[in-house]
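Novice: Quick check, what structure comes out for this input:
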Amino acid sequence: MNDTGAPLLRLMWLASPALPVGGFSYSEGLEAAVDADLVGNEAQAADWLLDQLQLSLARCDLALVAQAITAWQARDVDRITSLNAWADQTRETTEGRQQSMQTGRSLLEWLRNGEQGDDLRLLTLAALQPAPLWPVGFALATVLAGASPREALLAFAWSWAENMVQAAMKTVPLGQAAAQRLLARLAAAIPAAADAAAALPDGERQAFTPRLAILSAQHETQYSRLFRS
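Specialist: Down below sits the predicted model:
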């Protein structure tokens, strides 16, 4: 693609729930929250997801994406390795770690089969241990797509929002109209969350959501489950 619209199209592709990385199979604790009667209607689902956006995503994975973009652009292997290690070490539950590893590996394979599959940075991504984690892999994908850092953060957050709203539709459950209202509220909050994440220094990046972690751990043995987290 040499058209001026190519980076935008690539970014839309990355943000699509149809991207074959398996993001649709995770609810990130939402299913457990529904089972625990913490989320049972549209208003509660909106509050839950907005809290997760601001207290978890913006402080952790969105900030990781922002910092990893800079490192990938500079081809700073040490920095990339450090960011990936931090992401791995701070996953709060087994389910959360497995999700980030599985989607990261799947994204790597998708990138290898793409038109820039010979980019040497993919070798760095593949060598990350114990696996390339999702935020670090997504950051490289947006660099290869030619997207701006802010557009990349918006795409990352929007991809998360669409997957989570789809999970809410199945678990709460919610109808199509309610889902669109949820997306509208998340869309209004995402730009500020992305800007906050982009400005977050290393010392303030954090992964600390105890209630979500407890629910995620409980989900591992939940009797009836639709999702893998």
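Novice: State the pLDDT value of the closest residue to Gln67 other than its chain neighbours.
Specialist: Nearest residue to Gln67, sequence neighbours excluded (CB to CB, 6 or more residues apart in numbering): Leu83, at 6.0 Å. For every residue, glycine as well, the C-beta is placed using N, CA and C. Leu83 carries a pLDDT value of 98.
Novice: Show the contacting residues for Leu83.
Specialist: 64, 67-68, 71, 136 (CB atoms under 8 Å, 6 or more residues apart in numbering).
Novice: ditto for Ala131
Specialist: Residues counted as contacts of Ala131 (CB under 8 Å, 6+ apart) are 88, 101, 104-105.
Novice: Now name the helix or strand holding it.
Specialist: Using DSSP states H and E, Ala131 sits in no helix or strand.
Novice: how far away is the closest residue to it other than its chain neighbours from Ala18?
Specialist: Sequence neighbours aside, Met101 is the residue nearest to Ala131 in space, at 4.1 Å (criterion: CB to CB, 6+ apart). Distance of Met101 to Ala18, computed by CB to CB, to the nearest Å: 21 Å.
Novice: follow-up on the earlier one: tell me the average confidence for the helix or strand containing the residue nearest to Ala131?
Specialist: Using DSSP H and E, Met101 falls within helix 94-112. Helix 94-112 shows a mean pLDDT of 96 in the predicted model.
Novice: next one: stretch 47-54
Specialist: On average, stretch 47-54 scores 97.
Novice: Pull the contacting residues for Ser16.
Specialist: So Ser16 contacts Ser159 (CB under 8 Å, 6+ apart).
Novice: In three-state terms, how would Gly40 be classified?
Specialist: coil (DSSP: H, G, I helix; E, B strand; the rest coil).
Novice: Just give the number of residues close to it.
Specialist: Neighbour count for Gly40, taken as other CB atoms under 10 Å: 13.
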